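> Make a model of this:
(2 chains)
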Amino acid sequence: MKTSLFLGSVAAAALTAGAGMADTLADVKARGELNCGVNTGLVGFAAPDANGNWTGFDVDLCQAVAAAVLGDPAKVRYVPTTGQTRFTALSSGEVDMLARNSTWTFSRDTDLALDFVGVNYYDGQGFMVRSDLGVTSAKELDGATICIQTGTTTELNLADYFRANNMSYQPVNIDSNAEGEQQYMAGACDAYTTDASGLAATRAAFADPENHIILPEIISKEPLGPAVRHGDSNWGDIVRWTLYALIAAEEYGVTSANIEELSSSSQNPEVQRLLGTTDDLGAMIGLDKEWAKRAIMASGNYGEIFAANIGEQTPIGLTRGLNAQWTQGGLMYAMPFR
Amino acid sequence: MSDTHAQTVPFVRETMLPPADPPLREAGAVRWLRENLFSGPANTVLTILGFLIIWFLVSHFWDWIAHSVWNADSLADCRRIIAETWGEGARGACWAVIRERWNQYVFGFYPVELYWRPTMAFGLLFVALTPVLFSASVMIRRIVLVLTTVLTLWAMTVLGAPAVWLAFAAVVLVGALAVSERRVSWLLVFSILYPLMGVWFLWGGSAWGPVMVLMGPVLGWIAWRLLSGLSPMAAAVAALVVPVLWWLLYAGTAARDAEALVSLAIPAVASDRFGGFLLSITIGVAGIAMSLPLGIVLALARRSDMFLVKSLAVIFIEFIRGVPLIALLFVASLLLNYFLPPGTTFDIILRVIIMVTLFAAAYMAEVIRGGLAALPKGQYEAADALGLDYWKAQRLIVLPQALKISIPGIVSTFIGMFKDTTLVTFVGLYDPLKSMSDAVRASTSWKGIYWEPYIFVGAIFFLICFGMSRYSMYLERRLARDHR
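A predicted model of the protein is given here:
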């Protein structure tokens, strides 16, 4: 991440001058298209299909924002970004927002002049091992060889964890997830470590998933969320409250199926405000009354998006865990719409 | 002599004995084996080692290749079919991923209904190359052009090209064939127009854009004609300045106005829809076509007597050669955005093409400088003795020989550059090898597939690079003037 930090700093320095005048909302409306930075391909989160249509958990957030701002979830240009280009693409203005499973960290939020507007997936780093290894806890991995993607926060987390627990390990450096899987399958390493969501997706794709276990320890916090540029707080508000609208919709039981009915008949004042039936919240962020309604209609509420892309019914099969609503013991907590 | 009878000489045989078969070890397969594989102890050991390696590879991978599956919806489906057909625990290649996604490996995210456009551009590329690469004989031109015509029209029909464009392609291709039968140099006009045409086919939009770009040189020529009577110097300056001014100031608005008057637009395709081999070949062809002339100029500049020209060439070449290509690509994709005025959109593929061209040109310059240095001093002196000026001497005597010497190096640079186009993956473009494979693996159906995409892409790269290499060998044979 050294490179991106350096380039990001250059970006930040270059941008400070013009940042005050930026009006991303007007730009997006004039362009008629939202430029959304996504991953070049991460299973369940963002991937082009055989016809070049993007789908995924992060992609649905882009669509929700496009629906809220432009009234049409299809008006998104997906800009695939790599781990190196993502933050510079944002700060140089090539993309309006980043929905690319990026971890919200102190230095990225401050030094790189980004604004993380929320968290759409709470991830954490885990380990996967073969079950015949007989290991049931990450604490038993002393002296193990571990496949680890270089240049990521996971590499640093791993070093921290083993040092804190006074253990040693032998790293096997890999470049991409696909290569990591291959090395792990070939027996080049005892354990494979990456974000728990990635581990689950990897394990699900194995020919013999039952012979591999994901250890219970989660050794890091990886809050993944959408990011916007510093200096345009209104645009940041739009992306933030679009995300909250999706989360709140799930909390209040508003789904893409019943949203039309609820917007006319719901007696719940929170729902009425959210869907623009009573108050005009949209005007406060430069949008119309029904912005949140459109955002929710794009691909459903947060729960629907989760279930459709990465939930237990999909091959990836992630449980809600930390990403359940706060009422269900999770961390998803939308600020009040008032 | 006539009175000497043959019969009187007893030891002269009248009839030939039938020739005996050569000894068994000196004939047929045995001889070939003896001479080529087992000619000595060292050779024998190497042969046996080689066979062992081949046997090792085949025995380890044969079952994988033999158990190929072509029809499946997903990797899980593939595995199920393999387990059903060849038993539990069998392994096999899942080529179904190529079958389902081949179009993305070839065209990236180009709109499906417009696949015929890059196909036509690719076919016409060969027409444009014919007068340059296949000018040796009518026979070769005929083979190349007939093959191109048949394949292009067939592919365009299969891909559902509209009848108008099929007719257009047919007219161009058959016309090129007719022209090349009589006078191939006329086809050079097409070669010169092709870059603009190719860009228009690939990116679409209004045809007035390329036409207005073309107007630049035309206006320059007119200015030159008008002024050449007054002052040759002013004419030369005007011939350079007028096109540049035209492009910078008026070409854009003129194209828009003309488009408003008479619309000549075909659907535009943005650069982010490019990917796979379409992207690689676009970058590769543009880079090759531009880096060779640029490399020649740089090589000549580096050998120039003029201090400034020479220093600039040395600085450029050494700087570019001292920096990794990836660094240049990052500059193209990230830093240029900050240096350009805000709001300017400078196409990412164009930026990459420029960087790749500059990179290849620096290497090309050194390869050609090698050729120039290899030329005996007498050749230069002979040119001087004939009274040729610098440019005539270079064009007629020095460069033809120097370039001929440099052919293997030049083609190596081309091949290297073509393969380097896969590095665009680092700036978020979909190269066929890594980005496209990762994108395919990111779908839940194909997650976990590893070797098949690499083998497929590798095979196509091999075909193209091997073709270039064979062509360079053919060219060397054709241009051979000595009897070494």
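> contacts and neighbour counts: CA atoms only from here.
OK.
> who's in contact with the residue lying closest to B:Ala93 once chain neighbours are set aside?
Take B:Ala93 and drop its neighbours on the chain: the residue closest to it by C-alpha to C-alpha, 6 or more residues apart in numbering or on different chains is B:Ser68, 4.6 Å away. Applying C-alpha atoms under 8 Å, 6 or more residues apart in numbering or on different chains, we find B:Ser68 in contact with B:92-95.
> Let me have those residues in JSON lines, extended by neighbour count.
What follows is these, written out as JSON lines (neighbours: other C-alpha atoms under 10 Å in any protein chain shown):
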{"residue": "B:Gly92", "neighbour count": "21"}
{"residue": "B:Ala93", "neighbour count": "23"}
{"residue": "B:Cys94", "neighbour count": "30"}
{"residue": "B:Trp95", "neighbour count": "21"}
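> Now for those: which two are most distant?
Farthest apart among the contacts of B:Ser68 by C-alpha to C-alpha are B:Gly92 and B:Trp95. That separation is 9.3 Å.
> by contact count, what packs against the helix or strand where A:Met128 lies?
Using DSSP states H and E, A:Met128 maps to strand A:125-130. Other elements packing on strand A:125-130 under the criterion 3 or more C-alpha pairs under 8 Å, 6 or more residues apart in numbering or on different chains; DSSP states H and E are strand A:191-195, helix A:196-205, strand A:212-214.
> and the first one, anywhere near chain B?
Meaning strand A:191-195. No - applying C-alpha under 8 Å from any C-alpha of the partner chain, one finds strand A:191-195 separated from chain B by no less than 14.5 Å.
> can you list contacts of that strand?
A:123-130, A:144-149, A:154, A:180-181, A:184, A:199, A:222.
> Indicate the residue of chain B located nearest to chain A.
B:Ala442 (4.1 Å; C-alpha to the nearest C-alpha).
> Any residues of the stretch 51-200 of chain A in contact with chain B? List them.
A:51-52, A:79-82, A:84-85, A:88-89, A:92, A:178, A:181-182.
> Let me see the contact set for A:Ala245.
A:274, A:292, A:295-296, A:301, A:334.
> mind redoing it with 10 Å?
A:Ala245 is in contact with A:64, A:239, A:251, A:274-275, A:291-293, A:295-296, A:301-302, A:334-337, counting by C-alpha atoms under 10 Å, 6 or more residues apart in numbering or on different chains.
> about what we covered before: joint contacts of B:Gly92 and B:Trp95?
Residues touching both B:Gly92 and B:Trp95 (C-alpha under 10 Å, 6+ apart) are B:65, B:68-69, B:78.
> Tabulate those residues (CSV), appending pLDDT and secondary structure.
Below are these laid out as CSV (pLDDT from 0 to 100; DSSP: H, G, I helix; E, B strand; the rest coil):
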residue, pLDDT, secondary structure
B:Ile65, 89, helix
B:Ser68, 90, coil
B:Val69, 91, strand
B:Cys78, 91, helix
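> Now for residue 124: which residues touch it?
Going with chain A. Contacts of A:Gly124 by C-alpha under 10 Å, 6+ apart are A:103, A:154, A:194-198, A:217-224, A:322.
> that answer is for a different chain, and I need it for chain B
B:118, B:130, B:145, B:148-149, B:152, B:169, B:172-173, B:176, B:190-191, B:194, B:197-198.
> Could you pull out the strands in chain B for me?
Under the criterion DSSP state E, strands of chain B are mapped to B:205-206, B:265-266.
> Highest mean neighbour count out of those strands?
Ranked by mean neighbour count, the strands of chain B are led by strand B:205-206 with a mean of 19 (mean count of other C-alpha atoms under 10 Å in any protein chain shown).
> With chain A in mind, check whether that strand reaches it.
No - Strand B:205-206 stays clear of chain A (C-alpha under 10 Å from any C-alpha of the partner chain), getting no nearer than 17.9 Å.
> what helices or strands is that strand leaning on?
helix B:251-261, strand B:265-266 (3 or more C-alpha pairs under 10 Å, 6 or more residues apart in numbering or on different chains; DSSP states H and E).
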